[in-house]
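>>> Predicted model and sequence follow; I will ask about them next.
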Amino acid sequence: MHKTTLYLPDDLRLTLEATARRSGRTQADLVREALRSYLDALTPPVGRSIGAGDDAGLGGRDSEDWLRRQWSDH
């Protein structure tokens with residue numbers, strides 16, 4: 001486990017201290033739990049298609065030509 005220093009606004013620090021005291025847990029334990037919950041709830045980024053995947057008739061061999069046509073229009 002690694003030590004990390006956090007700078008907290010006074011209101012958050014006081015709330016964390018009070019919550020730790022009431023729950024009988026350490027502040028570090030509460031911060032770890034909260035951070036884990038937050039990070040676990042994040043949705044991983046979804047890959048985006050460049051548009052070629054939208055055409056069922058377009059194969060891998062044709063994709064470079066398709067890209068050249070698309071890019072030349074812009």
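Right, received. Where do you want to start? Residues are numbered from 1 along each chain as shown.

>>> Pull out the CA atoms of the helix or strand where residue 65 lies and give them to me as PDB.
Assigned by DSSP states H and E, residue 65 falls within helix 63-72. Taking only C-alpha atoms (Å, rounded to 0.1, in the frame of the first residue of the first chain), the coordinates of helix 63-72 have been written out as PDB:
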ATOM      1  CA  SER A  63     -11.600   0.300 -46.200                       C
ATOM      2  CA  GLU A  64      -8.500   2.300 -47.400                       C
ATOM      3  CA  ASP A  65     -10.300   3.400 -50.500                       C
ATOM      4  CA  TRP A  66     -13.400   4.300 -48.400                       C
ATOM      5  CA  LEU A  67     -11.300   6.400 -46.100                       C
ATOM      6  CA  ARG A  68      -9.600   8.200 -49.000                       C
ATOM      7  CA  ARG A  69     -13.000   9.100 -50.400                       C
ATOM      8  CA  GLN A  70     -14.400  10.200 -47.000                       C
ATOM      9  CA  TRP A  71     -11.300  12.400 -46.300                       C
ATOM     10  CA  SER A  72     -11.200  13.900 -49.700                       C
END
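
>>> average pLDDT across that helix?
The average pLDDT within helix 63-72 is 80.

>>> Check the offset of that helix from the chain's centre.
For helix 63-72, the separation from the chain centroid amounts to 32 Å (computed by Cα atoms, centre = their mean, to the nearest Å).
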